[in-house]
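>>> pasting the sequence and the predicted model now:
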Amino acid sequence: MIRDEGTVADIISVRGGLQIVTVWMRSGELEHAVHYTDTLPLLNPGDVVDLNVTAVKLRLGSGGFHIVLSIRDRGLENHSTTSSNGHIMKLKYTPMQRSVLAIEEPDSSFHSSFQGEKKIEGMPVLLGELHSMLPVVMCWLRYRHQQRNSYGRALDVAYIMTDGGALPLAWSEHVAILEGKEWLKTTITYGQAYGGKVEAVNKFSALVAAKHVVNADISLVTMGPGIVGTNSRYGFSGLEVGELVNAVYALEGIPVVIPRISFADPRTRHQGISHHTLTALQLAARCPAVVPLPLLEAKENAIVQKQAQSLQLHQIVAMPSPSIAEIAEAFSQYPHPITSMGRGLSQDPAYFQTICAAADCASQIHNRLM
């Protein structure tokens, strides 16, 4: 860990569990830092803080933020400001470990829901590799609902965040926006990820909670922001999508994989269906999944269809491709631009069309089960 210290200059923003601040570094530079408030009190201008500056120093894609470790000269106030009745540790055996009340443990009022064998009874579960898929799915499902029946109930969606990326749910601005708009039924974090409305021990109990505690119509599972890739066959965090296919299938749900498709990414391995999706489905997934593929323009479609021939275990479903105009209208309800890898809808339309097609597929599966 690379450490430094700074003095808080200004408070940029505050949302549940998190502050964004600017700090004067000892070098004289004004830089940004993120401060988590689930275990530390709110910062004020003039506070001297200890900072983890590793990601910025290594020039990683962390958004250019340092992380506040502690506040100087606060005495006893510089301790946890929250308490938990739970006994399940997240970030365990690190200086940042914290206890949560997991939904499965005996002190939880839902403990009985996890006794004996539980299945998720055909619930469609959308599985995405990138966190940027979350707002696309939610905007599209809302848009479809408004198209069909603006007075009926929209689908209840439980968002499950894995520990493949960012661990604090509070880091996700997308989640903060979607919760503020009340578009999510709930949020669930499992493994070392924390901060969801529901805390779970593992992916299986998180899925059971979505079905039997939250009563969601559909679950959407992605990691938090910050996917890891190494330009190697196995060294990327999105491989977890294949593991999630197995978990959903074992619980008798319907895994619906959102393929990562792009024709704007300059890297050959991510052209058409990304090697991340292909490897997760070829190697890690030992059970069949539904893989929706949008009908793209002829040249792009030919590339995708050829790549899909390697996914013989899985059910490939051809889906109509939503128009760019429709997706743009769906995104108009969202207060911030939606991008992935720095590209928006106009730069990488196939990426967004694929996500919307997968959301349509999951919605259709749910409707057939009703």
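Right, received. Where do you want to start? Numbers count the residues shown, from 1 in each chain.
>>> which ones are touching residue 11?
Counting by Cβ atoms under 8 Å, 6 or more residues apart in numbering, residue 11 makes contact with 19, 20, 21, 43, 44, 45. Where you see a C-beta, it was placed from the backbone N, CA and C, and this is true even at glycine.
>>> next: residue 241.
127, 128, 129, 257, 276, 277, 280, 281, 284, 285.
>>> grab the nearest non-local neighbour of it.
Take residue 241 and drop its neighbours on the chain: the residue closest to it by Cβ to Cβ, 6 or more residues apart in numbering is residue 280, 4.2 Å away.
>>> would you list the phi and psi of that neighbour?
phi -60, psi -40 (degrees, to the nearest 10).
>>> look up how far residue 196 lies from residue 206.
Residue 206 sits 9 Å away from residue 196, going by Cβ to Cβ, to the nearest Å.
>>> who has more neighbours, those two?
Using other Cβ atoms under 10 Å as the criterion, residue 206 and residue 196 rank with residue 206 on top: 27 against 22.
>>> what about the more buried one, which SS state?
Here residue 206 is recorded as helix under DSSP: H, G, I helix; E, B strand; the rest coil.
>>> equivalent analysis for residue 248, please.
With three-state DSSP as the basis, residue 248 sits in helix.
>>> next one: residue 178
Three-state call for residue 178 (three-state DSSP): helix.
>>> now the strands for the stretch 151-300 of the chain?
Under the criterion DSSP state E, counting those that start in this stretch, strands of the stretch 151-300 of the chain are mapped to 157-162, 186-189, 198-199, 218-223, 254-257, 261-262, 272-273, 290-294.
>>> select, out of the ones you listed, the one closest to residue 231.
Between residue 231 and these, the tightest spacing by Cβ to Cβ is seen for strand 261-262, at 16.0 Å.
>>> give me the contacts around that closest one.
Residues outside strand 261-262 that contact it (Cβ under 8 Å, 6+ apart) are 270-274, 277, 293-294, 304, 341, 348, 350-351, 354.
>>> now that strand: average pLDDT?
In this model, strand 261-262 has a mean pLDDT of 96.
>>> so who does residue 274 touch?
Residues near residue 274 by Cβ under 8 Å, 6+ apart: 129, 259, 260, 261, 262, 265.
>>> select only the buried ones of those residues in ChimeraX?
This is the ChimeraX syntax for the buried subset of the contacts of residue 274, where burial follows 16 or more other Cβ atoms under 10 Å:
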select :129,259,260,261,262,265
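>>> and of the contacts of residue 274, the nearest to residue 315?
Residue 315 lies nearest to residue 259 out of those, by Cβ to Cβ, at 12.8 Å.
>>> for residue 357, see how far away the nearest residue to the closest one once chain neighbours are set aside is.
Excluding the flanking residues, the one nearest residue 259 by Cβ to Cβ, 6+ apart is residue 277, at 4.7 Å. Per Cβ to Cβ, residue 277 is found 14 Å from residue 357.
>>> just to revisit the earlier point, and the contacts of residue 11, which of them are buried?
Neighbour-count burial (16+ other Cβ under 10 Å) is assigned, among the contacts of residue 11, to 19, 20, 21, 43.
>>> tell me which stretches of the stretch 1-150 of the chain form strands.
Assigned strands in the stretch 1-150 of the chain, in chain order: 3-15, 18-25, 30-36, 48-52, 65-71, 88-90, 98-100, 124-127 (criterion: DSSP E, counting those that start in this stretch).
>>> partners of the longest one, with directions?
Translated: strand 3-15. Paired neighbours of strand 3-15 in the sheet (DSSP bridges): strand 18-25 (antiparallel), strand 48-52 (antiparallel).
>>> could I get the ones you listed as TSV with mean pLDDT and distance to residue 250?
As requested, these are arranged in TSV below (pLDDT from 0 to 100; distance: least, Cβ to Cβ, whole Å):
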stretch	mean pLDDT	distance to residue 250
strand 18-25	96	35
strand 48-52	95	38
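>>> need these in TSV (columns: distance to residue 211).
Shown next, in TSV, are the strands paired with strand 3-15 (distance: least, Cβ to Cβ, whole Å):
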stretch	distance to residue 211
strand 18-25	29
strand 48-52	38
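>>> in the lowest-mean-pLDDT helix or strand in the chain, which residues are buried?
Lowest mean confidence among the helices and strands of the chain (mean pLDDT, DSSP states H and E): helix 54-57, at a mean of 88. Going by neighbour count (16+ other Cβ under 10 Å), the buried part of helix 54-57 is 55, 56.
>>> just give me the closest of the contacts of residue 11 to residue 332.
Comparing those against residue 332 with Cβ to Cβ places residue 20 closest, at 25.8 Å.
>>> re the thing from before, from what I see, the residue nearest to residue 241 and residue 234 are in contact.
No. Using Cβ atoms under 8 Å, residue 280 is not in contact with residue 234; the gap is 10.3 Å.
>>> got a pLDDT number for residue 157?
Note on residue 157: pLDDT of 98.
>>> any idea how far residue 321 is from it?
As for residue 157, its distance to residue 321 is 22 Å (criterion: Cβ to Cβ).
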